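[1] test case, fold it:
(2 chains)
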Protein chains: 2
Amino acid sequence: MQEGEFDFIRQIRKLVADSKKRTLIGIGDDAAVIRGRRKRVYLFTTDTLVEDVHFKWRFTTARQIGWRALAVNVSDIAAMGGCPAVALVTLGLPRGTSSSKIDEIYRGILDLSSRLDIEIAGGDIVRSPIFFITISLLGEAEADKVVLRKGAKPGDIIYVTGSIGSAATGLICLMRKDVPLRSEVRDFLEGKWLFPIPKVEEARQIATRNLSTAMIDISDGLSADLYHILEESEVGAELWMNKIPVDERTKEALPKLGKSFYDVVLEGGEDYELLFTSSADRDVEKSLDFPVCAIGKIVPDRLKLWLIDEKGEKREIFPRGWDHFLS
Amino acid sequence: MQEGEFDFIRQIRKLVADSKKRTLIGIGDDAAVIRGRRKRVYLFTTDTLVEDVHFKWRFTTARQIGWRALAVNVSDIAAMGGCPAVALVTLGLPRGTSSSKIDEIYRGILDLSSRLDIEIAGGDIVRSPIFFITISLLGEAEADKVVLRKGAKPGDIIYVTGSIGSAATGLICLMRKDVPLRSEVRDFLEGKWLFPIPKVEEARQIATRNLSTAMIDISDGLSADLYHILEESEVGAELWMNKIPVDERTKEALPKLGKSFYDVVLEGGEDYELLFTSSADRDVEKSLDFPVCAIGKIVPDRLKLWLIDEKGEKREIFPRGWDHFLS
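    As a prediction, the model looks like this:
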């Protein structure tokens, strides 16, 4: 994420927007959707972590970076309702990188890939003045089960899995070792940032049970990612502040870290939870084997985002991404 | 390519070498081969160009970099006998990158992708202190037509397409604007480096007509890439120096540039021509619609590479890669 990134994406989308025979969904969703055979599609995505842009070595180990680089890609495939399958790993390595560092990066990747039955099929190693890791991931799904960002309708209820803001709070904990916090609180929150768990099984349930009209993973932040759904679906939304699930440990840490609900819950990112919309007549909570929270609803006003705050007052808010933390 | 790269690849290959259900061929060939449906396979590859490592802006335009970044990936799919299909583009962009630069990069990508009917399905943009471009490319092939680096047998004849050393000479031309050369010579050679044409049609013919036992594209250099075939096939080779096709313009430029046949023909890279081996009883030249040159033969001595020089003298040579030019 960077200033102007979304402008660049719009620009590129225009440039490459010619007729497509194989690409059913191109730029503008979590992953590209490629026509497969026999009612199946391939999902194709890539994500990059750059040293000092997306992470700093002093807060993370090589193993955590390997895990994270794969996790963010898996989360994109999951958010479309797909199964991740095969990955390629590119490492940009500064001169003098030790073989033990590469070993640790791969151990992090393999920790997650073996859990999720993903195969590492190859990749590339290049010299680079700064470290970066790019992973490309290929997944699969049934053509009629793919869930896009497009598809949310006025009246739909907005749901999230898990709790929101823990990862952002965890990153702040990592940067503020000086702030006294109970170790149980600090460990939980830091772990949430260091080892994000992509919600593959949960997303597959949502997709294969035809429960959602649109879905995305929360990487940029709740307000920014909801806004992506609003843009692609051409609708608006209201968020119910006191319904947004926030872990008790996040609530305990926030005031000590000098951060607000807005900073980490609305604008923090990297939780890799699922954000999805469902028709109001579906009993979503009973239809799933895991808990979800209804946190708002889709409204007709195109690209308007309203917050009903803790006092029941309604006001417009504006999406704000995650990049203001690290950069 | 970098010092120690091949050691890192060996290390990684060991780490990820567990049982694979979908990956038929993983690390160690031009592209990964993924099990498809109905006797088809997917080919999956990725390649990265890093500013000041793989190219310098003062020798190249953004459009050329876009073209090149796709071309090197296409060449990997071609070298397996496959058809390139769908690509993702990741750009690492320093602060202040102009939108016109991104435009030009994409125009270069699209110049080549539209020629070859490749679709750009998406990608990623990240901030980075240095510019880099990573492309991931997915292709397809018939399972029984895929050509690996493994498969060369003693007695097989070694062939190349096109002429060798032009691109390496072209890069030296770009770096040595002070050397007087006929403009026709300079333009031809520089163009060979700036706009490499991956040999997709040629490779498809070689593969679908079952003519080759092993194949690779020449990216690292003739001796280094032949050595990759020797490693995977566990054989040796002899090269016939005076049979290696070298363009007259390369021969004209070399002495003026102070470079030798060895520098650019054996050790230069980035021609993206095809290097393949065929059983000696196949009439390869008559079986193809384009010219190829027989330049040597496979011998039993494992990992030995011999050169029969212009005087008919035989001596052992050692593979040397391409990275000593730019770095």
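
[2] now stretch A:12-32: buried residues?
    Neighbour counts using 16 or more other Cβ atoms under 10 Å in any protein chain shown place A:12, A:15-16, A:20, A:22-32 of stretch A:12-32 among the buried residues. Using the backbone N, CA and C atoms, a C-beta is placed for each residue, glycine as well.

[3] go on, stretch A:55-62?
    A:Phe55, A:Phe59, A:Thr60, A:Ala62.

[4] can you check stretch A:177-192 too?
    By 16+ other Cβ under 10 Å, the buried positions in stretch A:177-192 come out as A:Leu181, A:Val185, A:Arg186, A:Phe188, A:Leu189, A:Glu190, A:Gly191, A:Lys192.

[5] tell me the one among these nearest to chain B.
    Here the nearest of the buried residues of stretch A:177-192 to chain B, counting by Cβ to the nearest Cβ, is A:Lys192; it sits at 22.5 Å.

[6] can I get stretch A:269-283 in PDB, CA atoms only?
    Once non-C-alpha atoms are left out, stretch A:269-283 reads as follows in PDB (Å, rounded to 0.1, in the frame of the first residue of the first chain):
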ATOM      1  CA  GLY A 269      -5.100  -3.600   8.900                       C
ATOM      2  CA  GLU A 270      -3.500  -7.000   8.600                       C
ATOM      3  CA  ASP A 271      -6.100  -8.900  10.600                       C
ATOM      4  CA  TYR A 272      -6.700 -11.200   7.600                       C
ATOM      5  CA  GLU A 273     -10.200 -11.800   8.900                       C
ATOM      6  CA  LEU A 274     -13.100 -12.100   6.400                       C
ATOM      7  CA  LEU A 275     -15.500  -9.200   5.700                       C
ATOM      8  CA  PHE A 276     -18.600 -10.300   3.700                       C
ATOM      9  CA  THR A 277     -22.100  -9.400   2.900                       C
ATOM     10  CA  SER A 278     -25.200 -11.600   3.000                       C
ATOM     11  CA  SER A 279     -28.800 -11.200   2.000                       C
ATOM     12  CA  ALA A 280     -30.800 -10.200   5.100                       C
ATOM     13  CA  ASP A 281     -33.100 -13.200   4.700                       C
ATOM     14  CA  ARG A 282     -30.300 -15.700   5.200                       C
ATOM     15  CA  ASP A 283     -29.700 -17.000   8.800                       C
END
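
[7] per-residue pLDDT, the residue nearest the centre of chain A?
    Centroid check for chain A by Cα atoms, centre = their mean gives A:Ser219 as the closest residue, at 3.1 Å. pLDDT recorded at A:Ser219 is 94.

[8] which residues touch it?
    Contacts for A:Ser219 were tallied using Cβ atoms under 8 Å, 6 or more residues apart in numbering or on different chains; they are A:Val72, A:Ser75, A:Asp225, A:Gly269, A:Glu270, A:Tyr272, A:Trp322.

[9] could you pull out the helices for chain A?
    Assigned by DSSP state H, the helices in chain A fall at A:5-15, A:62-78, A:99-116, A:166-175, A:183-194, A:200-208, A:222-233, A:248-257, A:261, A:284-287.

[10] any idea of the mean pLDDT in the first one?
    Averaging pLDDT along helix A:5-15 yields 81.

[11] do it and chain B meet?
    Yes - shown here: helix A:5-15 in contact with chain B (Cβ under 8 Å from any Cβ of the partner chain) through A:Glu5, A:Asp7, A:Phe8, A:Ile9, A:Gln11, A:Ile12, A:Leu15.

[12] who wins on neighbours among those?
    Counting neighbours by other Cβ atoms under 10 Å in any protein chain shown, the top entry in those is A:Ile12, with 23 neighbours.

[13] mind listing what that residue touches?
    Residues counted as contacts of A:Ile12 (Cβ under 8 Å, 6+ apart) are A:Ile27, B:Ile102, B:Tyr106, B:Gly123, B:Ile125.

[14] among those residues, give me the pair with the biggest separation.
    The most widely separated members of these, counting by Cβ to Cβ, are A:Ile27 and B:Ile102 (13.0 Å).

[15] which residues touch the closest residue to A:Val74 other than its chain neighbours?
    Once flanking residues are discounted, A:Val74 sits nearest to A:Pro198: 4.1 Å by Cβ to Cβ, 6 or more residues apart in numbering or on different chains. Residues near A:Pro198 by Cβ under 8 Å, 6+ apart: A:Ala71, A:Val72, A:Val74, A:Ser75, A:Ala78, A:Leu116, A:Asp217, A:Tyr272.

[16] need phi/psi at A:Pro198.
    Backbone torsions for A:Pro198, taken as degrees, to the nearest 10, come to phi -70, psi 140.

[17] surely A:Arg209 meets A:Leu288?
    Yes - counting by Cβ atoms under 8 Å, A:Arg209 touches A:Leu288, with 7.4 Å between them.

[18] how much space separates the most far-flung residue of chain A relative to its centre from B:Leu24?
    Centroid-distance maximum for chain A: A:Gly96 at 32.6 Å, with Cα atoms, centre = their mean. Applying Cβ to Cβ, to the nearest Å, one obtains 35 Å for the distance of A:Gly96 from B:Leu24.

[19] also A:Met80?
    A:Met80 is 25 Å from B:Leu24, by Cβ to Cβ.

[20] before we move on, what about A:Asp30?
    Using Cβ to Cβ, A:Asp30 is found at 28 Å from B:Leu24.

[21] now do A:Arg115
    Distance of A:Arg115 to B:Leu24, computed by Cβ to Cβ: 23 Å.

[22] again, but for A:Phe6
    For A:Phe6, the distance to B:Leu24 - Cβ to Cβ - is 39 Å.

[23] now do the strands in the stretch 201-327 of chain A.
    For the stretch 201-327 of chain A, the strands defined by DSSP state E, counting those that start in this stretch occupy A:214-217, A:236-240, A:274-278, A:292-299, A:305-308, A:314-316.

[24] which one of those lies nearest to chain B?
    strand A:214-217 (14.4 Å).

[25] that closest one packs against which elements?
    With contacts taken as 3 or more Cβ pairs under 8 Å, 6 or more residues apart in numbering or on different chains; DSSP states H and E, strand A:214-217 sits against helix A:62-78, helix A:200-208, helix A:222-233, strand A:274-278.

[26] if we use 7 Å, what do you get?
    Using 3 or more Cβ pairs under 7 Å, 6 or more residues apart in numbering or on different chains; DSSP states H and E, the elements in contact with strand A:214-217 are helix A:62-78, helix A:222-233, strand A:274-278.

[27] could you check the angle the last one makes with helix A:222-233?
    To tie it back to what came earlier, the one meant is strand A:274-278. On the basis of axes from the mean of the first three to the mean of the last three Cα atoms, to 10 degrees, strand A:274-278 is oriented at 40 degrees to helix A:222-233.

[28] so in that sheet, which strands flank strand A:274-278, and in what orientation?
    Sheet pairing of strand A:274-278 (DSSP bridges) gives strand A:157-161 (antiparallel), strand A:214-217 (antiparallel).

[29] which other residues reach it?
    Strand A:274-278 has contacts (Cβ atoms under 7 Å, 6 or more residues apart in numbering or on different chains) with A:79, A:152, A:156-161, A:199, A:202-203, A:206, A:211-218, A:222, A:225-226, A:229, A:284, A:298.
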